[in-house]
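Q: below are the sequence and a predicted model for it; my questions follow.
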Amino acid sequence: MRSIRKAAELAIAIALGGALGCSNRIAPPIGSLRDSPPERGGRITVASFVGVRSIDPAVGFDEGSDPIQRLLFARLIHLSANGQFEGELAESFDVSPDGMHLTFRLRAGARFHDGSEVTAGDVKRSLERALHPKTGCPVASFYDRIVGFEAWHDGKASELSGVQAVSDSVVRIDLAEPDATFLAVLTLPAASPVCKSGGAVYDPSFSAHACGAGPYKIRQWYEQEKLVLDRHDGYLDRGLPHLDGITWLFGVPTTAQRFRFERGDIDILHDLSMADSVAFRTAPSWQPFSGWAPSRLTKGLFMNVEMEPFNRVEVRRAVASAIDRDSVATLRGGFIVAADRMVPSGVVGYDASFPGQRYDPAAALELMRKAGFPYDPVAATGGYPQTVDYLVPADSFDLQFAEVVQQQLARIGIRIRLKALSWPAYLAQIGRRRTVRMGAAGWTADFDDPSDFYEPLFATKSIQDENSQNYAFFSNAELDATIERGRREVDPAARKAIYRRAEEIVRDEAPWAIGYGYRRFEVWQGYVRGYRPHPFAQQDVGFLWLDLAQRQAHSASRGAPPLSVASLASMLARGGAR
Amino acid sequence: MIRRAAWRAATCLVVIWIVLTTAFLIHHVLPSDPARAVAGPQARPADVERIRKRLGLDQPLRTQYATFFRRLVHVGPASPPPKDPEHASCSAWGRLHLDLGMSFQKRKPVAKLLGERLPRTALLALAAIGVQILIGVTAGVIAAIKRGRLLDHGMIAMTLIGVSTPTFITGLVLQYWFAYRWRLLPLDGWGSTVAEHAACMVLPALTLGLFGASFYARFVRDEMLGQLRQDYVRTARAKGAAGWRVVLLHALRNALMPLVTVVGMDLGALLGGAIVTEKLFRWPGLGALSVDAVVDRDGPVVMGIVLVATLAVVLTNVLVDALYAVLDPRLRSQGATSRG
C-alpha cells in the first residue's frame, strides 16, 4: 500500500514537472511594420489542418483543395476583394442583355505551365473534361444551364454544344435560360482551363503533374503531406507573383502549426487553437500582423414544417425569438459570430442593413400562447407537451450550440432531447422526409451568390423523400417565385431587392432559427507584406511578398540550428561524418 | 504436420472471411450515404445520384458483395494494359491479381494505396515494439530485482504515468521538448530521404513505445517476481550461479514466455495502424488513412484496411504459436509425442 502511494506521489511530481515545462508564452513577430515596395523573391511555407482530396479542379471541391487550386489554375474570371467579378484569363467579358449568352475574350500571351498558350479551345476542352460523365465532378449540376449540358453529361453527345470557341481567343457560352449566378459559378475551380495533358476526361494520375495556367506550378507533390510550388513565369500578369515559390503542408495539427510558426518554419498561421488565438490577439506586438477572415458559413437549427409542432408558424417564430445569439457568440473566444440572417458576411450579396431574426423572450412566450401552447416560466408549467428530438452531429460545435438551445427553449416550454450522431448518419437522417422534427443546420457558400443559400435549402423543388437538402421541407410559393426571379435577374440593384425579400420570408416564416457563423483568425510574420485574410477566399497567399532584408536578418541572428539527430543522420547518409 | 498446417490455414481463411463479411455488412447498413460523402455534404441530389451510379452503389447489396469477393483474388493477364478498365484497380503478381477496388475519395487503386502505406506503418510498428520491449523489459527486470526500493517505486511511478497518459499528450510533450524547444528532431512528417524517414520516426515510435513499455514493465515485473520465487531459481543460486546469470538466463527467459503472446497481439494491432499517433505526427500510414476512410465512408479503403488488420493479427498469431514451439521445449516434446 505504502509502495503504491509513494509511486503515485512520485508520478504526480514527474507529470507536473513535465507539464509545467510547456509554457504558453508566444514569441514576438519576426520583422516589423515598415513601408517597403513589393519585391521579388523568397519562398514561403504555409500549412493547413485539413488534407486535400484532389488538386484536380474537375473533382476536388473541398476546403483543403480550393486554395491550392487557385494557385495552380487560373480561371476565366475571379472575384476581387471588393466583391466584383474581374477577368483573370479573360481580358474582358460580356453578358448579353437577356443573360443567356456570355462572351469571353482571352488575354494575349497567357500560358499554361507547359508553355503552351491558353486558347478558347482549351477553355471548351476543359469544361467538357470537367462535365464528362466519367469524370464524376461533384458540382457538375452547377453548370446545368449550359446548352447541351444534359446530353453531354449523360454521354449522349459528341460535344458540349453550349460552349463554343469562336476564335482562338474568344469563347462563347450559351445558356438554355437566364442564370445570373453563372458568373459566380465560373469562378469555381471546376471551370479552370487545364493543359492538354489533362486529357478529355479525368485521370487520377494528372494530380501528380497537374498543369494549369495559375501563378504557380508544381515542382513536387508528396501526396497528403506537402506540395512544393514554383513561380510560373508565364503567368498573365507581368511581375506577378512576387514569390519564388510556396511550400504547402497538409494535415498539420494546430499545435504543430504554432510550434512551426514560432520557429519561423511557416510564415502564416492559419489554424489556431482557441487558447493560442487568445494569446496572439492579446499580444500588442501581433496586432498589425493578424486579422479575422469573415464567415462564409451560416449555422442554426432547422424545424421540419411538415411535422408537429413546427407546422405552426408561431412555434417556429417562437423558437427563432427564444435564441440568444449573443450568448452563443461568447462560447468560442471570438471564433463564433452571432448571425441573424441566411447570407453570411463573407459572401457577396450580404446585406448589412437587413434586420434579421431577433432575440425577444417575451415575444417568444406570446407566440407560444398564440400557437396554443401557453407556458408559465415561473411555475414552469404548460408549453408543448411532448419532448422533441433534436439531431446533431457529435464532436462538433453544433452540439454545444444545441445544449444552449436546449436551455433557452426550455424557458418557452419546448423541451428537446439531443441525439448526437456521426456526421454521415446525421446527414442521412435529416434529409429523410417526415423523419426528423428538428436538428442542427448549416450551410457554407459554394459560390458567391445569395441564391446558393436559398435555392437548395428552401425551394420547393429541393424537397426530396431521401437526401433532401431542404431539411425543413419548407415550401412557400412566394419564396419559390422570388428565388426564380433572383436567378434570372442580372441587374445588381434589382437582385439585391429580390434577395432582401427572400431574407424577409425566411426570417418571418422561420423554417430555420439562424444562430451563428464561424470566422477564422490568422497570424502572419512581420516580414510578410501585402497579406490580409481575403473576404471571399481562404488562404489567398498567391500574391503577397516578403521583406527579404528583415527575414534574412532574422535568419542570421538565429544562427545555425543546433545539432540535431536529423542533421547528424543526414551527414552520416551523405558520408559527411568522415 | 501437413494436415495441421492445412487445417490452420483453412481456419485462418474462415476468420478472414467472417471479418470481411461482417465489416462489409456493417459498412453497408450504416445509416449514411457513401455517394453523398464523395460528392460533399452540400452536393445537389443530381450530382449525388450520378456519383452513386459511377461508383456502382446503385447495385443491390448482394451484387456488390459478390463482386467484392469475386474480384478480391482472381486470375488475370500477367501484364494488363495500362488503361484497361477491367484491371485498373488490380495489383498483379504474374497472373494472380489482388483487387480491392478504387478508393471513392482518392480515386486510386486501394491495393496501391495500401502498398504505399503499409510499409510505413510496419516500420513504425516495429520501431514502437522495439522501444516497448527495450524499455519495458529493462524497467520490469530492474523493478523486480530492486523490489521495494526507491528504484522500484520510481519504475512503478513511471509506468503509472505511461499507462495513464494518452498518446496524444505524450506525443505533444515529446514534440514540445525534442522538436520545438531543443530542435533535436523533426516535429512531424515523413521526410524525403532515408535519414529524414529515420529522424521523423523517432518521436512517434517513442510515443507509442512509451505507452506500451509501461504495460510491459509492469507485466515483466510481476512475471519476474513470480519466477524469482520458483524452486529452480533457488536451486541455481544454491549451486553458485552468478546473480545476473540466474536473473537473465533463467528467470527472465521464463518470464518472457507470456510476453511473446502480448507482443504478438500488440504487433498485430499496431500493423492495423496507430490512429492517434499517426495523425499527430502526420505519419502517412494506415492509421491516418483509416480515419479518413471511415469519416469519408470510403468503403473500398475501409475493406482494404480491415483485410490488412485481420491478416496482421492472424499472421502474428501464427508466428507467436510457432515461436512458442521454439522457445518452450515442452511444446516441442508434446508435438513430437503427438506425432509419434
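A: Looks like it arrived, so ask away.
Q: residues near residue 323, how many?
A: Unless you meant another one, I'm taking chain A. By the criterion of other C-beta atoms under 10 Å in any protein chain shown, A:Ile323 has 27 neighbours. Quick note: C-beta positions are derived from backbone N, CA and C, even for glycine.
Q: to clarify, I was referring to chain B.
A: By other C-beta under 10 Å, the residues close to B:Leu323 number 16.
Q: give me the pLDDT value at it.
A: For B:Leu323, the pLDDT comes out at 83.
Q: next, the contact list for it, please.
A: Neighbouring residues of B:Leu323 by C-beta atoms under 8 Å, 6 or more residues apart in numbering or on different chains: B:260, B:264.
Q: now do it against B:Val15, distance only.
A: 20 Å (C-beta to C-beta, to the nearest Å).
Q: my read is that A:Pro189 contacts A:His78, right?
A: No - with contact defined as C-beta atoms under 8 Å, A:Pro189 and A:His78 do not form a contacting pair (10.6 Å).
Q: okay, and the common contacts of these two?
A: A:Arg70.
Q: more neighbours: those two, which one.
A: A:Pro189 (24 against 18).
Q: distance check, the more buried one against chain B.
A: Using C-beta to the nearest C-beta, to the nearest Å, A:Pro189 is found at 13 Å from chain B.
Q: again with A:Gln164
A: 24 Å.
Q: part of a helix, is that residue?
A: No - secondary structure of A:Gln164 (DSSP: H, G, I helix; E, B strand; the rest coil): strand, not part of a helix.
Q: quick check: A:Val52 touching A:Gly60?
A: Yes - here A:Val52 reaches A:Gly60: they are 6.9 Å apart, a contact under C-beta under 8 Å.
Q: list the contacts for the nearest residue to A:Phe250 once chain neighbours are set aside?
A: Spatial nearest neighbour of A:Phe250, excluding adjacent residues (C-beta to C-beta, 6 or more residues apart in numbering or on different chains): A:Gly51 at 4.8 Å. By C-beta under 8 Å, 6+ apart, the residues touching A:Gly51 are A:64, A:224, A:250-251, B:292.
Q: so which of these comes closest to B:Leu185?
A: When the contacts of A:Gly51 are compared for distance to B:Leu185 (C-beta to C-beta), A:Gly251 wins out at 18.6 Å.
Q: based on its surroundings, how many neighbours for the closest one?
A: Based on other C-beta under 10 Å, the number of other residues close to A:Gly251 is 23.
Q: cool, A:Ala477 as well?
A: Around A:Ala477 there are 8 residues (other C-beta under 10 Å).
Q: against chain B, how distant is it?
A: 22 Å.
Q: list the residues that contact the spatially closest residue to that residue that is not a sequence neighbour.
A: Excluding its sequence neighbours, the residue lying closest to A:Ala477 (C-beta to C-beta, 6+ apart) is A:Thr460, at 7.9 Å. By C-beta under 8 Å, 6+ apart, A:Thr460 lies in contact with A:470, A:475-477, A:480.
Q: go with 10 Å
A: Listed by C-beta atoms under 10 Å, 6 or more residues apart in numbering or on different chains, the contact set of A:Thr460 reads A:470, A:473-477, A:479-480, A:483.
Q: got it, and B:Ala274?
A: Shown in contact with B:Ala274 (C-beta under 10 Å, 6+ apart): B:121, B:124-125, B:128, B:167, B:204-205, B:207-208, B:211, B:280-281, B:283, B:285-288.
Q: out of those residues, which are inside helices?
A: B:121, B:124-125, B:128, B:167, B:204-205, B:207-208, B:211, B:280, B:286-288 (DSSP state H).
Q: now do the phi/psi pair for A:Gly214.
A: phi -80, psi 180 (degrees, to the nearest 10).
Q: should've said A:Pro294
A: phi -70, psi 160.
Q: which residue sits closest to residue 319, ignoring its sequence neighbours?
A: If you meant another chain, say so; for now it's chain A. Leaving aside its sequence neighbours, A:Val319 sits nearest to A:Ala513 (C-beta to C-beta, 6+ apart; 4.9 Å).
Q: wait, chain B
A: That would be B:Gly264: by C-beta to C-beta, 6+ apart, it lies 6.5 Å from B:Leu319.
Q: next: B:Arg147.
A: Nearest one to B:Arg147, counting by C-beta to C-beta, 6+ apart, is B:Leu225 at 6.6 Å.
Q: so the one you found sits in a strand?
A: No - using three-state DSSP, the secondary structure at B:Leu225 is helix, not a strand.
Q: so it sits against B:Phe219, correct?
A: No - between B:Leu225 and B:Phe219 there is no contact under C-beta atoms under 10 Å: 11.1 Å.
Q: mind listing the shared neighbours of these two?
A: By C-beta under 10 Å, 6+ apart, the residues touching both B:Leu225 and B:Phe219 are B:140, B:255.
Q: these two - which one has more neighbours?
A: Ranked by neighbour count (other C-beta under 10 Å), B:Leu225 and B:Phe219 place B:Phe219 first, with 19 against 16.
Q: any common contacting residues for A:Val52 and A:Gly60?
A: A:66, A:68-69, A:207.
Q: ok, these vs chain B, which is closest?
A: Nearest to chain B among these is A:Ser207, at 9.0 Å by C-beta to the nearest C-beta.
Q: next, that closest one: secondary structure please.
A: helix.
Q: look up the pLDDT of it for me, please.
A: 86.
Q: for B:Leu319, same thing?
A: On the pLDDT scale, B:Leu319 gets 87.
Q: ok, now A:Val490?
A: Reading off the model, A:Val490 has pLDDT 85.
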